[in-house]
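Peer 1: Need a 3D model of the following:
(chains A and B)
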There are 2 protein chains.
Amino acid sequence: MISKKMEELGKKSSVIREIFEYGKKRKAELGEDKVFDFSLGNPSIPAPQKFTETLRSLIDNSCPTALHGYTSAPGDMGVREAIAADISSRFGASASATDIYMTCGAAASLTITLHALINEGDEVVLLAPFFPEYRVFCEKAGARVKVVYCREPDFLPGREQLAAAITEKTKAIIINSPNNPTGVIIPTEKMLEIAEVLKNKAKEYGTDIYIIADEPYRELSYEMEVPYIPNLYDNTVVCYSYSKSLSLPGERIGYIFVSPKAAAASDLFAAVCGAGRSLGFVCAPSLMQYAVRECIGLTADVEEYRQNRDLLYSALCDMGFSAIHPDGAFYLFLKAPNGNAEDFCEKAKKYELLLVPGDSFGGEGYVRISYCVSREQIEHSLPAFRKLAKDCMGEK
Amino acid sequence: MISKKMEELGKKSSVIREIFEYGKKRKAELGEDKVFDFSLGNPSIPAPQKFTETLRSLIDNSCPTALHGYTSAPGDMGVREAIAADISSRFGASASATDIYMTCGAAASLTITLHALINEGDEVVLLAPFFPEYRVFCEKAGARVKVVYCREPDFLPGREQLAAAITEKTKAIIINSPNNPTGVIIPTEKMLEIAEVLKNKAKEYGTDIYIIADEPYRELSYEMEVPYIPNLYDNTVVCYSYSKSLSLPGERIGYIFVSPKAAAASDLFAAVCGAGRSLGFVCAPSLMQYAVRECIGLTADVEEYRQNRDLLYSALCDMGFSAIHPDGAFYLFLKAPNGNAEDFCEKAKKYELLLVPGDSFGGEGYVRISYCVSREQIEHSLPAFRKLAKDCMGEK
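Peer 2: Below is the predicted model:
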């Protein structure tokens, strides 16, 4: 018998993927421009021109055996130095190259960190709504998941609920700000409150509790500053990816930053190296390591997403819908008018609007709309949204 | 407490890496050309010109959001189709795109396959000498390792020893041919014998036993044909990587092929998808997926390695050393004249020859010499080898 757990996981197709496949079918039937697919978080803005030029220049000017050769297991030292210097200068956090482990994307950053931290039976706190794969990653690492539900009006975790979820077995909490699927950014005061709760609980139990800061959307913030968690809480591991900031989701390049202020930081960094090694994640893709080094501090043209957000948010509110105002990322979390997200998504399909029910994110009663799409798609979809509004809520 | 197991693994530096670091230090002291580093398996032949041209053309002619966007989780369908077609036409094995899972390199192929197959407490048979990370990967997947030692004269597994190692808990055996560190290719007759032993044992215990064929060196064969294991044994999963065949070790691109003839093949493929998902390995690096599609069937200039092998093997034999004649890969497994590999490697250091003791591969009494180096390095090292021979064995 093979691993039944893995088999089931492989067979259980993701809700998002199912909707995406349905969309492809409908587009083939009706035409590309007749179907409004808001299901995927695939960046619609191209990578910056400089990134493309950097790739060309690396290919033209490097010796292929060096360019495509093994880097050291935690990544090329020059790349790690450049990233550490950027963290230090941008955030004032003191980072060294030896705190940085280059990874093959955000998922890798998270699984490596979890396997480094978790002993069988430890607990990880997740703030719902959350990216559904968090649960899969935690459980594979041997952790039990405890969920704290964040709800209206601000979708931020309550102090009491958070405190109640923490036990002596709590090893970590995953914080994703800006958040997928709500677009919410946790402000500094709330982060300080979370930090205080964790510190008090760790003291009470005589344990160390780590924040795993999952930050693929850090650069996608429209007005608010995203607080840098290592500056507010010592026991922090940052999981970063260039997927969204440089519009490179397919290239799988990111890093782990173990804050040198974390408890047992150097042991933890060693554990990150050990977890990377045993999971098969050493030496992140070399060409991409060298390319992102040249593009540090650069981001894709985020203004496009902001304009998408403004257009979609105000139009939907005008129609009578209610949604969380997203401060970052490229998702809009919309309330299903009758409170049933699955029903609402089915109804939306009648108008060729493909939305994702929030249930699989632990956000029941809401739907996720990915606005990392072309401006035209949003503009052309508005009449369909209007019909949907009328269908659900009657004439306004 | 963080994961002590992962911490220890991260702190235990690999013997090969230690020698490599020592070499860097010595080169800084004495000059690049005075130190003969034979420790690493980093290809010395550049990637084929066509590969570089393909990268350029993809970058110049593709839309960046498509080129660097998410592929589907098991890989781009067109890439998988091209690989399946190549397997079918080259080996006559019937492969479909839906049997192929694109991975982030050889290590990923192995860990995903192991996590898909293994239930806690299952056993995996390894044929020593073997790549030391096999043990790390197996144990992380929850498997117990059973070792079958292959020894002189041919370094192939004996029928009786193999049969004795298989129990009702045996889930898989890893076969690595051409072999790292010996360069041995398992011939068809021996593969058929192995297949027969596995089939008989599986029948005896009423189990399924899988061969995991780790094939990064498949294309590095100098005279012999490397039998295609799925044609000789149904329950086979091939773990492939382009690291050596296209000289791209840093790029981490490969695939898993689940033979459609394997027991519960479609469940197993689902388990591969589930393992990939839960370990954080979906959607292998996109640019590299598209690039290898255009280079299928192409290999780096292997003739260079063959000439290195011939030069080194005959020179060392002339000096009185005894070594296994390598039919493939780019390693020479040399017998330590006094039987103690560690002593021999220390002695070699006196002549600035950096070799790797075979002990960590389960090949005690031998040393590994990586001949994926420049011709000049081999030529210039011969006087040093001669002195070493005299030191160890006296005048010839």
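
Peer 1: Which single residue of the stretch 101-250 of chain A approaches chain B most closely?
Peer 2: Minimum separation of the stretch 101-250 of chain A from chain B (CB to the nearest CB) falls at A:Gly250, amounting to 2.9 Å. C-betas here are computed from N, CA, C, even on glycine.

Peer 1: Now do the same for the residue lying closest to that residue once chain neighbours are set aside: its pLDDT.
Peer 2: Counting by CB to CB, 6 or more residues apart in numbering or on different chains, A:Gly250 lies nearest to B:Ser286, which is 2.9 Å off, once chain neighbours are set aside. What the model reports for B:Ser286 is a pLDDT of 97.

Peer 1: show me what contacts B:Ser286?
Peer 2: A:250-251, B:67-71, B:76 (CB atoms under 8 Å, 6 or more residues apart in numbering or on different chains).

Peer 1: Among those residues, which are located in helices?
Peer 2: Under the assignment DSSP state H, the contacts of B:Ser286 contribute B:Leu67 to helices.

Peer 1: In a markdown table: the contacts of B:Ser286, plus distance to A:Tyr242 and pLDDT.
Peer 2: Below are those laid out as a markdown table (distance: CB to CB, whole Å; pLDDT from 0 to 100):
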| residue | distance to A:Tyr242 | pLDDT |
| --- | --- | --- |
| A:Gly250 | 11 | 95 |
| A:Glu251 | 7 | 96 |
| B:Leu67 | 15 | 97 |
| B:His68 | 10 | 97 |
| B:Gly69 | 13 | 93 |
| B:Tyr70 | 14 | 90 |
| B:Thr71 | 17 | 90 |
| B:Asp76 | 20 | 96 |
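
Peer 1: nearest to B:Ala141, of the contacts of B:Ser286?
Peer 2: Among the contacts of B:Ser286, B:Thr71 lies closest to B:Ala141 (CB to CB), at 25.4 Å.

Peer 1: wait, A:Cys372 sits on A:Pro43?
Peer 2: Yes - assessed by CB atoms under 8 Å, A:Cys372 is found in contact with A:Pro43 at 5.3 Å.

Peer 1: Lowest mean pLDDT among the helices and strands, pick that one out for chain A.
Peer 2: helix A:15-30 (a mean of 89; mean pLDDT, DSSP states H and E).

Peer 1: Output that helix in PDB, but only the C-alpha positions, please.
Peer 2: Output of helix A:15-30 as PDB, limited to C-alpha atoms (Å, rounded to 0.1, in the frame of the first residue of the first chain):
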ATOM      1  CA  VAL A  15     -11.700  24.400  -5.500                       C
ATOM      2  CA  ILE A  16      -9.800  27.200  -7.100                       C
ATOM      3  CA  ARG A  17      -8.300  24.900  -9.800                       C
ATOM      4  CA  GLU A  18     -11.700  23.400 -10.500                       C
ATOM      5  CA  ILE A  19     -13.200  26.900 -11.100                       C
ATOM      6  CA  PHE A  20     -10.200  27.800 -13.300                       C
ATOM      7  CA  GLU A  21     -10.700  24.600 -15.400                       C
ATOM      8  CA  TYR A  22     -14.400  25.300 -15.700                       C
ATOM      9  CA  GLY A  23     -13.500  28.800 -16.900                       C
ATOM     10  CA  LYS A  24     -11.200  27.400 -19.600                       C
ATOM     11  CA  LYS A  25     -14.000  25.300 -20.900                       C
ATOM     12  CA  ARG A  26     -16.500  28.100 -20.900                       C
ATOM     13  CA  LYS A  27     -14.100  30.400 -22.700                       C
ATOM     14  CA  ALA A  28     -13.600  27.800 -25.400                       C
ATOM     15  CA  GLU A  29     -17.400  27.600 -25.800                       C
ATOM     16  CA  LEU A  30     -18.200  31.300 -25.600                       C
END
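
Peer 1: next SSE after that helix?
Peer 2: Going down the chain from helix A:15-30, the next helix or strand is strand A:36-37, by DSSP states H and E.

Peer 1: Check which helices and strands that following strand sits against.
Peer 2: Packing partners of strand A:36-37 (3 or more CB pairs under 8 Å, 6 or more residues apart in numbering or on different chains; DSSP states H and E): helix A:15-30, strand A:353-354, helix A:375-393.

Peer 1: run the last query once more with 7 Å
Peer 2: Here strand A:36-37 touches strand A:353-354, helix A:375-393, going by 3 or more CB pairs under 7 Å, 6 or more residues apart in numbering or on different chains; DSSP states H and E.

Peer 1: Helix B:49-61 and the following helix or strand past it, what's the angle between them?
Peer 2: Sequence-wise, the next helix or strand downstream of strand A:36-37 (DSSP H and E) is helix A:49-61. Counting by axes from the mean of the first three to the mean of the last three CA atoms, to 10 degrees, helix A:49-61 lies at 160 degrees to helix B:49-61.

Peer 1: Name the residues that touch helix A:49-61?
Peer 2: Helix A:49-61 has contacts (CB atoms under 7 Å, 6 or more residues apart in numbering or on different chains) with A:67, A:246, A:287, A:290-291, A:294-295, A:298, B:52, B:55-56, B:59, B:64.

Peer 1: ok, of these, which one's closest to B:Ala323?
Peer 2: Of the contacts of helix A:49-61, the one sitting nearest to B:Ala323 (CB to CB) turns out to be A:Leu67, at 32.8 Å.

Peer 1: for chain A, what spans make up the strands?
Peer 2: A:36-37, A:100-103, A:123-128, A:144-149, A:170-175, A:210-214, A:236-241, A:254-258, A:331-335, A:353-354, A:356-357, A:366-370 (DSSP state E).

Peer 1: got the buried residues for the fifth one?
Peer 2: Right, strand A:170-175. Within strand A:170-175, the residues that count as buried by 16 or more other CB atoms under 10 Å in any protein chain shown are A:170-175.

Peer 1: got the contact list for the nearest residue to A:Pro249 once chain neighbours are set aside?
Peer 2: Of all residues not flanking A:Pro249 in the chain, A:Ser243 sits nearest, at 4.0 Å (CB to CB, 6+ apart). Shown in contact with A:Ser243 (CB under 7 Å, 6+ apart): A:105-106, A:216, A:249.

Peer 1: Using CSV, lay out these together with neighbour count and pLDDT.
Peer 2: As requested, those are exported to CSV (neighbours: other CB atoms under 10 Å in any protein chain shown; pLDDT from 0 to 100):
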residue, neighbour count, pLDDT
A:Gly105, 31, 93
A:Ala106, 25, 94
A:Pro216, 26, 96
A:Pro249, 26, 94
